[in-house]
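Student: Sequence plus predicted model, see below.
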Amino acid sequence: MTHLAQVLAHRIRGLVTGIEGYTDLLIDSLAMREQRDLALRILESAMRIERVLADLQRYGREIAPVVRSLPVSAVLDALVAALEDDDLERIGFDVKEDADVQLRADPLLLRQALLILVQNAIDATRQGGAILFSTEGDHANQSFHFVIQNDGVIPFEDAATKVFSPFFTTKAHNLGVGLTLARRIARAHGGTLRLSANDPETGVRFVLTLPIHETGA
């Protein structure tokens, strides 16, 4: 399945690139504003296809973490740097004092998984709605939790299983592989990703858990 995803993404991207190129030429040749607006809509649609293809390629790649000892503070700094200013304004951060805890993780893959969860929360939350990103160390079980919560709700029975199924999505512009990929990344690090809450009163909460790395172990 993953190899097929890579092949399809590569073949379709070539076609989309051609559409974008010809549309650019068409826009330059049109004089009427209405015609140019229509051509721009074609270009915007092609760009949305590009984003879907990017998701498909990410899903199709083998996950092989290149792990190193990584403080949680560095993970959070990388996540904040990757987010747009408008998105940051919508997120509340509740980072505990144990942000210097060490993990064994691939920094790029872990950032990707957290970005997927944060973007998923942003997409699922109405404008002005609450999004909370928090952390919690569980030293008794040698694990560390990243918790992403929003005030939406997933309107499906058995949502805890369905949301991690490949190509399951409630949004027409999404491919539905983001949460699947984030869970694969968590498992590749010996961790877990679960939907821990889905209720109109408490909202939606995802928890990504990774093992704590014992320094010197």
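Tutor: Perfect, I can see it now.
Student: Tell me the secondary structure at the residue of the chain most remote from its centre.
Tutor: Ranked by distance from the centre of the chain (CA atoms, centre = their mean), the top residue is residue 31, with 40.2 Å. Residue 31 falls in the coil class when you classify it by DSSP: H, G, I helix; E, B strand; the rest coil.
Student: check contacts around the residue nearest the centre of the chain.
Tutor: The centroid of the chain falls nearest to residue 116 when counting by CA atoms, centre = their mean (1.1 Å). Going by CB atoms under 8 Å, 6 or more residues apart in numbering, residue 116 touches 178, 179, 181, 182. In this view, the C-beta of every residue, glycine as well, is placed from N, C-alpha and C.
Student: Among the residues you listed, which pair sits farthest apart?
Tutor: 179 and 181 (7.3 Å; CB to CB).
Student: so where do the helices sit in this protein?
Tutor: 2-29, 33-60, 72-82, 85-88, 107-124, 159-162, 178-188 (DSSP state H).
Student: Out of the ones you listed, flag the one nearest residue 203.
Tutor: The closest of the helices of the chain to residue 203 is helix 107-124. By CB to CB, the value is 9.3 Å.
Student: now the closest one against helix 72-82, angle please.
Tutor: 60 degrees (axes from the mean of the first three to the mean of the last three CA atoms, to 10 degrees).
Student: change the start of the numbering to 39 and stick with it
Tutor: Okay, using 39 as the starting number, the last item reads as helix 145-162.
Student: any idea how far helix 145-162 is from the chain center?
Tutor: 3 Å (CA atoms, centre = their mean, to the nearest Å).
Student: Stretch 68-81 now?
Tutor: For stretch 68-81, the separation from the chain centroid amounts to 32 Å (computed by CA atoms, centre = their mean).
Student: coming back round to it: and which of the contacts of residue 154 is nearest to residue 198?
Tutor: Nearest to residue 198 among those: residue 217, at 11.0 Å, using CB to CB.
Student: what number of residues lie near the closest one?
Tutor: 22 (other CB atoms under 10 Å).
Student: quick one, what contacts it?
Tutor: Residue 217 touches 154, 155, 158, 201, 202, 231, 244, counting by CB under 8 Å, 6+ apart.
Student: any idea how far it is from residue 242?
Tutor: Remark: distance between residue 217 and residue 242 (CB to CB, to the nearest Å) = 11 Å.
Student: Can you work out which residues contact both of the two?
Tutor: Counting by CB under 8 Å, 6+ apart, residue 217 and residue 242 have no shared contacts at all.
Student: for the helices of the chain, which one sits closest to residue 134?
Tutor: helix 110-120 (9.1 Å).
Student: and the closest one, which residues are buried?
Tutor: For helix 110-120, the neighbour count (16 or more other CB atoms under 10 Å) marks 110, 112, 113, 114, 116, 117 as buried.
Student: check contacts around the second one.
Tutor: Put plainly, it is residue 112. In this structure, residue 112 makes contact with residue 145, judged by CB under 8 Å, 6+ apart.
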